[in-house]
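J.: Give me coordinates for this.
(one chain, ligands or ions: 1)
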Amino acid sequence: MGGFCGNKNILAPKKCSGEARHRGLTQNSAPGPKGADIKEFGDSESGPPLIPMIHAIEAGNKPMVAAIEGFALGGGLELALGCHYRIAHSKARLGLPEVTLGLLPAAGGSQRLPRLIGVPAALDLIITGRHVTAAEALQLGIVDQVTDHHTVDAAVKFALSVAGRPLDARRISSYSCPPVSGDLDALFEEVMRKVRRGARGAIAPVACVQAVRAAATLPYARGMERERELMATLFTSGQARALQYSFFAQRAVSRWSTPSGARWDASAPKPVRKVAVIGLGTMGRGIAVALAQAGFPVVSVETQEKQLTEAKRAVSQMLERGAKRRGVAAPLDKMSYSSNIQAVADVDLVIEAVFEDMGLKKKIFQQLSAVCKPDALLCTNTSSLDVDQLASQTRNPELVVGMHFFAPAHVMKLLEVVYGPRSSPQALATAMQLGKKMGKVSVAVGNCPGFVGNRMLKAYVEQAFFLLEEGATPELVDSALEEFGFSMGFFKVSDLSGLDVGWKVRKEDGLALPGVSTGPSARIRQGRRYSPLGDLLCQRGRFGQKTGSGWYQYGKPGGRVATPDPWLHSFLEEYRAQHGLVPRRIDPQEVLERCLYALINEGFRILEDGIAAGPEDIDCIYVFGYGWPHYRGGPMFYAAMVGLPKVLERLEHYYRAHPDVPDLQPCSLLRRLVASGSPPVQKWKEAIKKLHSQL
Ligand SMILES: CC(C)(COP(=O)(O)OP(=O)(O)OC[C@H]1O[C@@H](n2cnc3c(N)ncnc32)[C@H](O)[C@@H]1OP(=O)(O)O)[C@@H](O)C(=O)NCCC(=O)NCCSC(=O)C[C@@H](O)CCCCCCCCCCCCC(=O)O
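T.: As a prediction, this is how the structure comes out:
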């Protein structure tokens, strides 16, 4: 973003063109095109004070023209709004994305934008933080002209053409917001209701609405005071710190490395021109859609004719719906189908997404190895099976990796890319790059049961079951988790995805056993405490929403509204009585500590084992794949915020009370981090490396 400073009759460009290196900003210094330098937040002030500088620009008596190239985001756009005119290159992108960092546009952006483009349009941009193209900016009235040529030259020309014109009408701070159709209070109340519902505890979107309301109802100077007050609250909140951490965490995970020394910058991905998906169940369909939407030709193989016919219809519908939403043409021509695995002979990469059965997957990998080009990458979408065992079925095990998508695969942002001991750096780089092209947050993880996400989830789920045994209800557990910020508590999620999914896994793991329902062994498996509650519900055909009942009641099979179920409450009472369990009052704090700290403890074990490279990897997995509230950063960041000594102390407390639950035993890495002074989460990687080298 560039600006122009008037000087007598000559207008000289300010030295901050779009190509110029963006300059950082502490709270007060000049913003670059991407807005304030987030890394500098919290540092001592440097550079010219931003808000007075914008005021000085606006109050100047020479025309100031902002020349916008590349990005004009956050503070960058706020500076441009202080200018008298704005000219953008056609490829420029503009926006006030502060809300995504837990902030609001606090250099006058929340006060000037509604005055310039009206309350509804400004609310949309400020609450969502979305970027707009130059064309949309022109349509909204944010910029005065769009050029395909040299923006600075166009701005000079423009400035000369307006030289001498009065500037009063160009000072946005002197405007009143354009009147809205209908009642202003009603408009804000409606917006606030929607925002609160969608924000699920996030405070920045709410503060953004309050700031725009101030613009619409107060004189500019008082609006600026309100903007500052609201920003001060946000700025010092844990939420802003968490969201800014998450911004950098997403970028850190793309710079992956593995314990074998493979690294993102030293491993060139293979070109991928055509992809195959094997199996067109729910996951396969979503993966095929995501690939086609990213522009890849996809051949989808499904051997069951009935399933293939249904899938073709469903995939086309999903592509059409997605295209309609995005206002583009549906990429139907990218899709081809076959019931014959020979159809994958010419693809560069295959993603197997058949039923979660090792025997079946092994057979498919043998076939793929015989049919595919020798250098084709063979990927599995397994959520829990051993990637290395599948690799051993092929001619080139180094070309096998896991690509673990999350349902629905065309919507969820997360992709776990699982490398086995034999996966080559190039295979990993290729899968990571494919994920990026599909718009996923791709996280490289090692191969172990459950990888990162599901391995941690196991500890969390177990605690939820134990809490029911000890006196809680599904409603109590879920409301504590929802209050924390999850969109749904564990029991509602379980009803939605189907209780039979976990039951099948527990049966395969030798945990859910038929006929062991009474006596001391009913609640012990493999030498540790076990709760058969989920199995007992499945034995009664209660699989969740699809059967009309599970942990809640849904009225009819396929019902979507969860209501507490008196049958379930009596069932829990009988179960406790049968097993001699005396129910006690459980408070929401215990629910959170038991569920979340058990999960976090497993996260430390994963770091200790080198399955995830750092806390950022785990946090991205939980934020983008498991509904962890974004404004809480992720489980490992949360642990650091709570304080590692406190997490350790609570785990010790609960492990003393439940010595038969090994997941509650604090992991040695957690102890060592506490002993080494609980470094901030950004320093854990170093600390872990040091601890590993001392072993
Ligand atoms: C710009 C992007 C869209 C580019 O995406 P792209 O994919 O091309 O590239 P990357 O995302 O990989 O980025 C490349 C590289 O750059 C780094 N980076 C990007 N943006 C920033 C940034 N804003 N700060 C720092 N670093 C940034 C990124 O990390 C990469 O580096 P790496 O080393 O990892 O390779 C995309 O990057 C993007 O979306 N960026 C974020 C844009 C954004 O959100 N900008 C808004 C910033 S917030 C802001 O501007 C605030 C303003 O409103 C000004 C506020 C003034 C406050 C003054 C008043 C305070 C009063 C109250 C306080 C009182 C408190 C008290 O009392 O104590």
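J.: Would you mind giving the secondary structure of Gly502?
T.: Assigned by DSSP: H, G, I helix; E, B strand; the rest coil, the conformation of Gly502 is helix.
J.: Tally up the residues packed near it, please.
T.: 19 (other CB atoms under 10 Å). C-beta coordinates here come from the backbone N, C-alpha and C atoms, glycine included.
J.: That one against Ala464, yeah?
T.: No: using CB atoms under 8 Å as the test, Gly502 is too far from Ala464 to be in contact (11.2 Å).
J.: Not counting sequence-adjacent ones, nearest residue to Ser369?
T.: Thr394 (3.8 Å; CB to CB, 6 or more residues apart in numbering).
J.: correct me, but that neighbour touches Ile364?
T.: No: if you go by CB under 8 Å, Thr394 and Ile364 don't touch, sitting 10.4 Å apart.
J.: So between these two, which is more surrounded?
T.: Ile364 (22 against 19).
J.: In contact with the more buried one, which residues?
T.: By CB atoms under 8 Å, 6 or more residues apart in numbering, Ile364 lies in contact with 278, 341, 352, 354.
J.: Doesn't it belong to a strand?
T.: No: per three-state DSSP, Ile364 lies outside any strand segment and is helix.
J.: Skipping its backbone neighbours, what lies nearest the residue of the stretch 401-550 of the chain found nearest the ligand in space?
T.: Residue of the stretch 401-550 of the chain nearest the ligand, by CB to the nearest ligand atom: Lys436 (10.1 Å). If the residues on either side of it in the chain are set aside, Lys436 comes closest to Ser442, at 5.9 Å by CB to CB, 6+ apart.
J.: Domains in the chain, by residue range?
T.: The domain map for the chain lists 3-235, 267-451, 472-578, 588-694, with the assignment taken from automatic domain parsing.
J.: Quick one, which of the ones you listed gets closest to Ala252.
T.: When those are compared by CB to CB, domain 588-694 sits nearest Ala252, at 4.5 Å.
J.: residue boundaries of the strands in the stretch 151-300 of the chain?
T.: 275-278, 298-301 (DSSP state E, counting those that start in this stretch).
J.: same thing with the stretch 301-450 of the chain?
T.: Along the stretch 301-450 of the chain, the segments classed as strands by DSSP E, counting those that start in this stretch run 335-338, 349-352, 377-380, 400-405, 414-419, 441-446.
J.: quick check: angle from the last one to strand 414-419?
T.: Spelled out, it's strand 441-446. 30 degrees (axes from the mean of the first three to the mean of the last three CA atoms, to 10 degrees).
J.: Repeat that for the fourth one.
T.: Between the direction of strand 400-405 and that of strand 414-419, the angle (the same axes, to 10 degrees) works out to 170 degrees.
J.: Can you tell me which helices and strands strand 400-405 packs against?
T.: The contact analysis (3 or more CB pairs under 8 Å, 6 or more residues apart in numbering; DSSP states H and E) places strand 400-405 against helix 282-293, strand 377-380, helix 387-391, strand 414-419, helix 425-437.
J.: what's the closest of the contacts of Ile364 to the ligand?
T.: Distance to the ligand across these (CB to the nearest ligand atom) is lowest for Glu352, with 30.6 Å.
J.: Now do the same contact list for the closest one.
T.: Glu352 makes contact with 278-279, 361, 364-365, 368, 378-381, according to CB under 8 Å, 6+ apart.
J.: rerun that using 10 Å as the cut-off
T.: 276-279, 284, 287, 301, 360-361, 364-365, 367-368, 378-382, 390, 400, 402-403 (CB atoms under 10 Å, 6 or more residues apart in numbering).
J.: do Leu499 as well
T.: So Leu499 contacts 491, 534-535, 537-538, 541-547, 549-551 (CB under 10 Å, 6+ apart).
J.: 7 Å instead, please
T.: Going by CB atoms under 7 Å, 6 or more residues apart in numbering, Leu499 touches 534, 537-538, 542-544, 550.
J.: Redo the helices and strands packed on strand 400-405 as CSV? Include distance to Leu496 and mean neighbour count.
T.: Shown next, in CSV, are those (distance: least, CB to CB, whole Å; neighbours: other CB atoms under 10 Å):
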stretch, distance to Leu496, mean neighbour count
helix 282-293, 13, 25
strand 377-380, 25, 28
helix 387-391, 27, 22
strand 414-419, 18, 26
helix 425-437, 25, 22
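J.: In the stretch 501-650 of the chain, what residue spans correspond to helices?
T.: Counting by DSSP state H, counting those that start in this stretch, the stretch 501-650 of the chain has these helices, from start to end: 533-539, 566-578, 588-608, 615-625, 635-642, 644-657.
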